[in-house]
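S.K.: Please find the sequence and the predicted model below.
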Amino acid sequence: MNNIQTRAIVIFVALATLMAATRFNHFGSAVSLPDASLAVFFLGGLYLSRSARGSVMIFSALILEAGCIDYYATSVQGVSDWCMTPAYWFLIPTYAGLWLAGHWCAPGKMVKGRAMESRELPGLALAAWASGSFAFIFSNATFYLFSGRYTEMSVLEYAARVAQYYVPYVSVALLYIACAVAIHMAAEIISRQRAHSL
């Protein structure tokens with residue numbers, strides 16, 4: 001196993017662990033971190049497999065993990081199953097949009113080990129914000145249309161109710177992504193300093 005494969009495995013395990021540790025509470029609480037799922041899928045696209053087959057396999061593994069966590073939370077832990085409707089399946093394209101945005105930001109360079117440069121950060125931030133915003137709009141629109149929970153509510157009333165969640169929804173994802181990128185860049189700096197000191 002080479003360094004690139006080892007790095008990919010470490011990143012996958014870290015992302016899967018982060019989602020498992022945070023998915024139970026969307027906005028967090030005094031004793032738990034907010035849900036990192038949006039960031040996990042964006043970062044998965046950014047850092048993991050560049051081949052189409054590998055990317056589909058890793059994405060599918062994370063989707064399966066998310067579904068298993070939700071099943072466990074609602075059937076064993078007693079978490080509300082309010083979101084478990086036909087609209088739940090639309091989380092797959094929601095997360096796929098985040099994955100593709102991350103993948104678009106790093107076509108091969110992360111897996112090949114090239115350092116991220118500071119001039120790339122504005123584009124990365126824009127892609128993270130845009131894909132997080134898409135995830136918010138798409139997931140809420142499909143929940144309104146297909147959940148069967150809002151048959152008596154107008155689109156405008158529904159939009160007004162969910163709009164208050166936009167900032168925390170997107171900002172949490174951006175914060176996780178920013179932390180991951182900061183850790184990546186710090187690790188690159190330390191690695192370069194070590195190489196120069198040898």
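M.R.: Looks like it came in fine.
S.K.: Using just helix, strand and coil, how would you label Asp81?
M.R.: Three-state assignment for Asp81 (DSSP: H, G, I helix; E, B strand; the rest coil): coil.
S.K.: Find the nearest non-adjacent residue to it, please.
M.R.: What sits nearest to Asp81 in space, not counting adjacent residues and going by C-beta to C-beta, 6 or more residues apart in numbering, is Thr74, at 4.2 Å. For every residue, glycine as well, the C-beta is placed using N, CA and C.
S.K.: Quickly find the element holding that neighbour.
M.R.: Assigned by DSSP states H and E, Thr74 falls within helix 52-75.
S.K.: Grab the CA positions of stretch 182-198 and hand them over as CSV.
M.R.: The C-alpha atoms that make up stretch 182-198 are tabulated as CSV, following Å, rounded to 0.1, in the frame of the first residue of the first chain:
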residue,chain,number,x,y,z
ALA,A,182,-6.6,24.6,7.9
ILE,A,183,-5.4,21.3,9.3
HIS,A,184,-4.4,20.2,5.8
MET,A,185,-2.5,23.4,5.1
ALA,A,186,-0.8,23.2,8.5
ALA,A,187,0.2,19.6,7.9
GLU,A,188,1.7,20.6,4.5
ILE,A,189,3.7,23.4,6.2
ILE,A,190,5.1,21.1,8.9
SER,A,191,5.9,18.5,6.2
ARG,A,192,7.8,21.0,4.1
GLN,A,193,9.7,22.3,7.2
ARG,A,194,10.7,18.8,8.1
ALA,A,195,11.9,18.1,4.6
HIS,A,196,14.0,21.2,4.5
SER,A,197,15.6,20.4,7.9
LEU,A,198,16.8,17.0,6.7
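S.K.: Stretch 80-98: how far from the chain's middle?
M.R.: Relative to its chain's centre, stretch 80-98 lies at 13 Å (C-alpha atoms, centre = their mean, to the nearest Å).
S.K.: Same check on stretch 131-138?
M.R.: For stretch 131-138, the distance from its own C-alpha centre to the chain's C-alpha centre is 11 Å (C-alpha atoms, centre = their mean).
S.K.: what comes up buried for stretch 71-89?
M.R.: 73, 79, 83, 87-88 (16 or more other C-beta atoms under 10 Å).
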